[in-house]
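Engineer: build the 3D model from these lines:
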Amino acid sequence: MISRFAENSDNAIDAHICTPETFENLMLELGDEVRDWCNLHFFSGKLGQALICPLGHKKPIALLGCGSNDDRKSGRFFLAAAVKKLPAGCYKIIGDIPLANPKLEVLGWLMSQYEFKKYKRKSESGIAELVKPINLDTNWIEAILAGEFLARDLINTPANDLGPAELERSAKELAQEFNAKIEVVLGDKLLEQNFPMIHAVGAASENTPRLIDLKIGSSGPKLTLVGKGVCFDTGGLNIKPGNSMGLMKKDMGGAANVLGLARAIMGLGLDLKLRVLIPAVENSIAGAAFRPGDILNSRKGLSVEINNTDAEGRLVLADALSYASEDNPDLIISMATLTGAARVALGADLAPFYAGLDRHANAISKASVEAMDPVWRMPFWDPYDKLIEPQIADLDNAPSGGFAGSITAALFLRRFVEKSEKYIHFDIYSWQQNAGVLGPKGGITQGPRAILLALDELLSI
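Structural biologist: This is a model prediction of the structure:
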C-alpha cells in the first residue's frame with residue numbers, strides 16, 4: 001500500500017492542532033462556539049484527543065490534541081495518536097504544528113493510516129487522508145513513506161505469495177522504477193560463483209535460492225546494504241515449534257527493510273553509489289537439507305560447523321557480506337531478523353545495532369531520537385569471539401550455552417567483513433505485536449529512518 005497526500009479539495013476538513021499549552025490561544029482564534037463545543041466534550045489538547053466540531057451551516061473543523069510537554073517526554077508520533085481517532089475523510093492542517101519536528105509528525109499521520117487489505121473480501125472503513133501541507137518538505141516525507149510501506153507490504157505478505165522469486169520480482173520492480181541495475185545469481189549458479197552457504201541453506205526448498213544484487217549511482221561514497229531474505233524459516237532439521245514458526249513469513253524483514261531504505265534513498269535522489277544485496281532463500285526440510293554437524297565452506301574460505309540449522313540467517317548473510325567487502329565500499333550495513341536473544345535483551349520495539357566506530361554509533365543514536373526510530377547500541381564484545389570458535393572448524397554457527405546470542409551472531413557476521421570499522425549491523429524484529437499509533441499489528445521497519453538521517457555523518461570519509 002502506498003498512501004500519499006490527498007489532493008486539495010473544498011470538502012477537506014480544516015484540522016487545528018494544539019497542546020494544553022496552546023489550547024487557550026487557539027480558542028481565542030476560533031471563537032466561543034468552538035470553545036463551548038470543546039468544553040462540552042472535555043477537549044483541552046491532551047495527548048490523543050480528537051474532536052470534530054460542527055459549525056452550524058459552515059463546514060465542520062477537526063481539533064487534534066498532542067499532549068503537554070510532560071506527556072511528550074516519552075513516546076513518539078504524538079500527532080498520529082490523535083489522528084487515529086479521526087473519522088475517515090480528507091483533512092487539511094491549518095496553522096502551525098506546535099511540536100518539535102512537524103515534518104516527522106506529518107509522516108506519522110500518514111504512516112498511521114497504513115492498511116494491508118490484500119486478502120480481505122470486505123473493505124474496512126476508509127482512512128483519514130491529509131492534504132499536502134504547503135510549508136513542509138513533502139518530497140522527503142513521501143520518499144520515507146514509500147519505503148516504509150514497501151517494507152510493510154513485503155513483510156505482511158505470506159510465504160505462499162512471497163518466496164525468493166517474488167522477492168526478486170519486487171526488487172526488479174524497484175530497480176525499474178529508478179533505472180537501477182539488477183543481477184540475480186540463481187540456483188546452482190550460486191555454487192559456480194562461490195556462494196556455497198546461500199546455496200546450502202536454500203537447497204531443500206522447491207523455491208530456488210538466489211542472490212539479488214541491485215546497484216544505482218555513479219558518483220559519491222559507496223554504501224552497501226545487505227538484508228536477510230529468508231522468506232520462510234521452518235528452522236530446518238532443527239525444526240521450530242509451532243508457536244515459533246507462525247511468524248516466520250517475516251524472516252525476510254531484513255531484506256524488506258533494506259529495500260525500503262533503498263527506496264527512500266533513490267526517491268530522494270541522494271548522491272551516492274548504492275548497492276543492495278539480498279540472499280533470498282527458504283529454510284525448508286527435505287532430503288537436500290543441510291544437517292546439524294555438517295561443516296560448510298563459505299565464500300571467504302572460512303569453514304563453519306553447523307550446530308543448529310535454525311541459525312541459518314547468519315550463513316546466508318556471511319556469503320553476501322564477503323561479496324560486499326570485495327567491492328571495498330565506504331560502509332556496509334546489514335539488517336536481519338537474526339536472533340531471539342535481541343528480543344529478550346531489548347524487547348520487540350527497540351532494535352539493537354552494532355557499530356565498529358564510535359562516531360558511527362553516535363550518529364545513529366542521535367538520528368534515531370530525531371527520526372523517532374528507536375534503536376540501541378550493543379557491543380562487538382571481543383572477549384566473546386572465542387564462543388564462536390569450535391574445535392573442528394573455523395566458526396560455529398550456534399554456540400552452545402545460550403548466552404549473549406545477539407552479540408555472538410554479530411561477531412560471527414563481522415568475521416566476513418574485511419574492514420570491520422566500516423561495518424554496522426542491525427538485529428531487528430520488524431513486527432508490531434499490537435495495533436498502535438503507526439498502524440495495525442504486523443510488519444514495520446526498524447532503523448531505516450535513523451540510518452537515513454545519519455547518512456551524511458556515516459559516509460563522511
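
Engineer: low-confidence regions, the chain specifically.
Structural biologist: For the chain, applying pLDDT under 70 flags the ranges 1-3, 57, 123-125, 461.

Engineer: quick one, domains of it?
Structural biologist: Domain ranges of the chain: 13-100, 141-458, per automatic domain parsing.

Engineer: can you put these in TSV and add distance to Y114?
Structural biologist: Placement of C-beta: from N, CA and C, glycine included. Below are the domains of the chain laid out as TSV (distance: least, CB to CB, whole Å):
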stretch	distance to Y114
domain 13-100	11
domain 141-458	4
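
Engineer: so which of these is the most packed in?
Structural biologist: Burial of the domains of the chain is given as mean neighbour count (mean count of other CB atoms under 10 Å); domain 141-458 ranks first at a mean of 20.

Engineer: run the chain-centre distance for that domain.
Structural biologist: How far domain 141-458 lies from its chain's middle: 11 Å, per CA atoms, centre = their mean, to the nearest Å.

Engineer: same check, this time on stretch 16-32
Structural biologist: For stretch 16-32, the distance to the chain centre is 36 Å (CA atoms, centre = their mean).

Engineer: which SSE is immediately downstream of the helix ranked longest in the chain?
Structural biologist: Longest helix of the chain, by residue count under DSSP state H: helix 138-156. Using DSSP states H and E, the helix or strand that follows helix 138-156 towards the C-terminus is helix 164-178.

Engineer: follow-up on the earlier one: packing partners of the longest helix of the chain?
Structural biologist: When contacts are defined as 3 or more CB pairs under 8 Å, 6 or more residues apart in numbering; DSSP states H and E, helix 138-156 packs onto helix 102-112, helix 164-178, helix 253-268, strand 442-443, helix 448-458.

Engineer: on that earlier part again, to M111, which of the domains of the chain lies closest?
Structural biologist: For M111, the closest of those is domain 141-458, at 5.0 Å, according to CB to CB.

Engineer: what is the end-to-end distance of that closest one?
Structural biologist: This stretch, domain 141-458, spans 21 Å end to end (CA to CA, to the nearest Å).

Engineer: quick one, what contacts L211?
Structural biologist: 184-185, 190, 195, 198, 277-280, 319-320, 323 (CB atoms under 8 Å, 6 or more residues apart in numbering).

Engineer: just checking, what packs against the helix or strand hosting L315?
Structural biologist: Using DSSP H and E, L315 sits within helix 313-326. Packing contacts for helix 313-326, counted by 3+ CB pairs under 8 Å, 6+ apart, involve helix 196-202, strand 210-216, strand 222-227, strand 229-233, strand 273-283, strand 331-336, helix 405-414.

Engineer: so for G442, which of those sits nearest?
Structural biologist: Comparing the helices and strands packed on helix 313-326 by CB to CB, strand 229-233 comes nearest, at 16.3 Å.

Engineer: list the helices and strands that closest one packs on?
Structural biologist: With contacts defined as 3+ CB pairs under 8 Å, 6+ apart, strand 229-233 has these neighbours: helix 164-178, strand 273-283, helix 313-326.

Engineer: got JSON lines for the ones you listed, with distance to D36 too?
Structural biologist: Formatted as JSON lines, those follow (distance: least, CB to CB, whole Å):
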{"stretch": "helix 164-178", "distance to D36": "51"}
{"stretch": "strand 273-283", "distance to D36": "55"}
{"stretch": "helix 313-326", "distance to D36": "59"}
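
Engineer: about what we covered before: please state the offset of the longest helix of the chain from the chain centre?
Structural biologist: 9 Å.

Engineer: between the contacts of L211, which is nearest H41?
Structural biologist: I278 (50.2 Å).

Engineer: could you check how far the closest one is from K250?
Structural biologist: 15 Å (CB to CB, to the nearest Å).

Engineer: may I have the phi/psi pair for the residue lying closest to G108 once chain neighbours are set aside?
Structural biologist: Closest residue to G108 apart from its sequence neighbours, by CB to CB, 6 or more residues apart in numbering: F77 at 3.4 Å. Dihedral pair for F77: phi 50, psi 70, per degrees, to the nearest 10.

Engineer: could you pull up the residues touching F77?
Structural biologist: Counting by CB under 8 Å, 6+ apart, F77 makes contact with 104-105, 108, 111-112, 372, 437-438.

Engineer: for D330, same thing?
Structural biologist: When contacts are counted by CB under 8 Å, 6+ apart, D330 touches 221-223, 422, 459, 461.

Engineer: L107 touches A143, doesn't it?
Structural biologist: No - using CB atoms under 8 Å, L107 makes no contact with A143, being 10.1 Å away.

Engineer: and the longest helix of the chain with helix 164-178, angle?
Structural biologist: Here the directions of helix 138-156 and helix 164-178 differ by 170 degrees (axes from the mean of the first three to the mean of the last three CA atoms, to 10 degrees).
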